[in-house]
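S.K.: sharing a model prediction with you, sequence too.
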Amino acid sequence: MRLNGSGMSAFGLAVSALHCVIDVDLNVNAESRVQIVAPPSFRKESGYNHTQAHFGWFPSNSFLEHTVYYVDDFMCDSYVSDQHIQDHAWPKYFDSVAEEYSPPKAPFILMIDRGNCNFVQKVRNAQHAGATAVLIVDNICLCSSGSRCTSANDAACESLEPEMGDDGSGGDIVIPSLMILKEDGDALKAAMKAGTFIRTKLSWTGPNKDHVDYELWTSPNIAFDGETSMERDFANFAKALGNSVTFTPHVYISDGEASGCLDSYGRDICGKMCTNHGRYCAQSTYDPTGTISGADVITESLRWICIWRERGEDGTGLAWWKYVQEFLRTCTGESFANDECITNAMKSAGINRGAIDDCMSHSGGVEAHVENIILRDEMHLAHRKGVYMTPKLFISHMPYRVRPTAGEAFETICAQFSAGSQPEACLRCTRERDFAPCFDRANEGGGEIPADTLLEPDSAPPAQKSVSHATFFVSVIALVGTLSAA
């Protein structure tokens, strides 16, 4: 079934509904693989190098295998008709029953060039056109590709693989999307335009790790809204996970120049919302005990990253978590920018304030009419990864789509480990609804976590449990039938 314009197939609606019922974040556990099944000459032993989108649906331990059609259109127009797909899709599909050329018959994968609009818009339009998945072809070469690749319009090469970020509106996307390298895409596109039908398999595996990476995008004013906060509560969890994980914090910075705070004459017109004469900005926060200026938030954001750079070499982030926890507990309201409060929070975390002040100053500070290289890099990285709001947690490079509590984040991190590689804390404390006593007893016992909290070997943590594929697809069919009959 294909709907023109802004519609969605009954299958898409059913998958979307089940996505909400079964698991808030089905894709957080999934690692992907792209392989050409036919013709055999396009098959690569290790699959095709690719990046996975930070939006959409990626079912763990599943695969789809369909014919790919290249659309020589950027798919930026929200109204995509059957005739448009037929005119622009390659290879041309001949309907032997109707004895005429027609749009591709579902299920199919669409291949689309990068450019002219954002990734979410392209994938949404492909979804509306009936695609079951999307492969984006990069339009810029990786520098490591060398002479094997030529960028469109002679653009300079990229040193890092691009991220398929979410623009903040990708919650309605229910199909998977990935991006392949330009040189690979160029070869596949040429074959399809010459009439070759290419069958591609996209597959996703579940948790299979002995080490897990996670990163948190946050802001010093995030914890003043009265809700339970991962930032305030995760220090004990980080200690319990130890060296089995690598943590990286980031701070969200608003672009003052793009927001008009740094005008064409180089003047700061937003005042206390920004630092560096309007370059880096944050909203002022109204705490019950006083107003916290955006400039103070940016200054503290810089301090958080400098603490990480000075003390995050072990990857666990324990000193960072301890400082953030103490800062958010004691430096509220009018104490937010209080020098003595900040110093005391650093002492409680065992941090040398002099080294942190040097880092802040050497990066460009916050007062001068110059760039701060740390704040600039954080701002650019957020844009590249599609981070537009905080907090945002990435686990194994995939986004966790709701604001997590410390316990939810811990359970989801634990669910990433393969059997036999889980940290002791994951094995013994994931049954606890109140994790703190389990961790406290472990610390008091010199690291020995009580045996009465041990999970049986075949018992998965809550975040690792899932609905069977049979149950899932029967439910999909039932929902599709219901929607079709309506």
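M.R.: Great, that's in hand. None of the values given here were measured: they were computed from a predicted structure. Residues are numbered from 1 along each chain as shown.
S.K.: can you report how many residues neighbour the nearest residue to residue 214 once chain neighbours are set aside?
M.R.: What sits nearest to residue 214 in space, not counting adjacent residues and going by Cβ to Cβ, 6 or more residues apart in numbering, is residue 395, at 4.7 Å. In this view, the C-beta of every residue, glycine as well, is placed from N, C-alpha and C. Each residue near residue 395 was counted by other Cβ atoms under 10 Å, and the total is 23.
S.K.: do the same with the one 10 residues further on
M.R.: Neighbour count of residue 405, defined by other Cβ under 10 Å: 15.
S.K.: that one contacts residue 232, correct?
M.R.: No - counting by Cβ atoms under 8 Å, residue 405 sits too far from residue 232 to count as a contact (10.2 Å).
S.K.: what pairs with the helix or strand where residue 213 lies, parallel or antiparallel?
M.R.: Under the criterion of DSSP states H and E, residue 213 resides in strand 212-218. Take DSSP bridges as the rule and strand 212-218 pairs in its sheet with strand 245-251 (parallel), strand 392-395 (antiparallel).
S.K.: residues in contact with it?
M.R.: 230-231, 244-252, 382, 387, 390-397, 409, 413, 416-417 (Cβ atoms under 8 Å, 6 or more residues apart in numbering).
S.K.: partner strands of the longest strand along the chain, parallel or antiparallel?
M.R.: Taking residue count as the measure and DSSP state E as the definition, the longest strand of the chain comes out as strand 62-71. If you go by DSSP bridges, strand 62-71 pairs up with strand 89-90 (antiparallel), strand 108-113 (parallel), strand 198-205 (antiparallel).
S.K.: and the next helix or strand past that strand?
M.R.: Scanning forward in sequence from strand 62-71, with DSSP H and E defining helices and strands, the next element found is helix 82-88.
S.K.: buried residues in that next one?
M.R.: By neighbour count on 16 or more other Cβ atoms under 10 Å, the buried set for helix 82-88 is 84-85.
S.K.: over to stretch 54-62?
M.R.: Residues of stretch 54-62 classed as buried under the neighbour-count rule (16+ other Cβ under 10 Å) are 54-60, 62.
S.K.: mean confidence score for it?
M.R.: Per-residue pLDDT values across stretch 54-62 average out to 80.
S.K.: now the end-to-end length of that stretch.
M.R.: Using Cα to Cα, to the nearest Å, the span of stretch 54-62 from its first residue to its last is 18 Å.
S.K.: over to stretch 67-78?
M.R.: Its first and final residues considered, stretch 67-78 spans 23 Å by Cα to Cα.
S.K.: for stretch 70-78, same thing?
M.R.: From the first residue to the last, stretch 70-78 extends over 18 Å; the measure is Cα to Cα.
S.K.: pLDDT of that stretch, averaged?
M.R.: In this model, stretch 70-78 has an average pLDDT of 93.
S.K.: buried stuff in that stretch?
M.R.: 70-71, 73-75.
S.K.: and it, how far from the chain's centre?
M.R.: Per Cα atoms, centre = their mean, to the nearest Å, the displacement of stretch 70-78 from the mean C-alpha position of its chain is 24 Å.
S.K.: how about stretch 316-323?
M.R.: For stretch 316-323, the separation from the chain centroid amounts to 22 Å (computed by Cα atoms, centre = their mean).
S.K.: flag every buried residue along it.
M.R.: Within stretch 316-323, the residues that count as buried by 16+ other Cβ under 10 Å are 316-323.
S.K.: do stretch 271-291 as well
M.R.: Result for stretch 271-291 [16+ other Cβ under 10 Å]: buried residues 273-282, 285.
S.K.: next: stretch 119-138.
M.R.: In stretch 119-138, the ones that count as buried by 16+ other Cβ under 10 Å are 119-138.
S.K.: cool, and stretch 189-204?
M.R.: Of the residues in stretch 189-204, 189, 191-192, 198, 200-204 count as buried by neighbour count, 16+ other Cβ under 10 Å.
S.K.: could you export those as CSV, including pLDDT and distance to residue 265?
M.R.: Shown next, in CSV, are these (pLDDT from 0 to 100; distance: Cβ to Cβ, whole Å):
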residue, pLDDT, distance to residue 265
189, 97, 47
191, 96, 54
192, 96, 52
198, 96, 54
200, 96, 53
201, 95, 56
202, 94, 51
203, 91, 55
204, 86, 52
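S.K.: tell me the two of the residues you listed that are most distant?
M.R.: The most widely separated members of the buried residues of stretch 189-204 are 191 and 204, with 25.4 Å between them, by Cβ to Cβ.
S.K.: what's residue 139 in contact with, if anything?
M.R.: 113-115, 151-152, 155, 182.
S.K.: mind doing that once more with 7 Å?
M.R.: For residue 139, the contacting residues are 113-115, 151-152, 182, taking Cβ atoms under 7 Å, 6 or more residues apart in numbering as the criterion.
S.K.: tell me the secondary structure of the residue most central in space within the chain, please.
M.R.: Central residue of the chain (Cα atoms, centre = their mean): residue 399, 3.3 Å from the mean position. Following DSSP: H, G, I helix; E, B strand; the rest coil, residue 399 is assigned to strand.
S.K.: quick one, what contacts it?
M.R.: Residue 399 sits next to 54, 392 when contact means Cβ under 7 Å, 6+ apart.
S.K.: the same query, at a cut-off of 6 Å, please.
M.R.: For residue 399, the contacting residues are residue 54, by Cβ atoms under 6 Å, 6 or more residues apart in numbering.
S.K.: just the buried residues of stretch 362-372, please?
M.R.: For stretch 362-372, burial by neighbour count (16+ other Cβ under 10 Å) applies to 363-364, 366, 372.
S.K.: typo on my end, it should be stretch 335-348
M.R.: Along stretch 335-348, these residues count as buried under the neighbour rule (16+ other Cβ under 10 Å): 335-336, 341-342, 345-346.
S.K.: farthest residue from the center of the protein?
M.R.: Most distant residue from the mean C-alpha position of the chain: residue 99, 45.2 Å away (Cα atoms, centre = their mean).
S.K.: rewinding a little: which one of the buried residues of stretch 54-62 is nearest residue 38?
M.R.: residue 62 (20.4 Å).
S.K.: so the closest one bridges to which residues?
M.R.: For residue 62, the beta-bridge partners are residue 204 (DSSP bridges).
S.K.: which residue ranges form the helices in the stretch 151-300 of the chain?
M.R.: 182-193, 230-233, 235-241, 294-311 (DSSP state H, counting those that start in this stretch).
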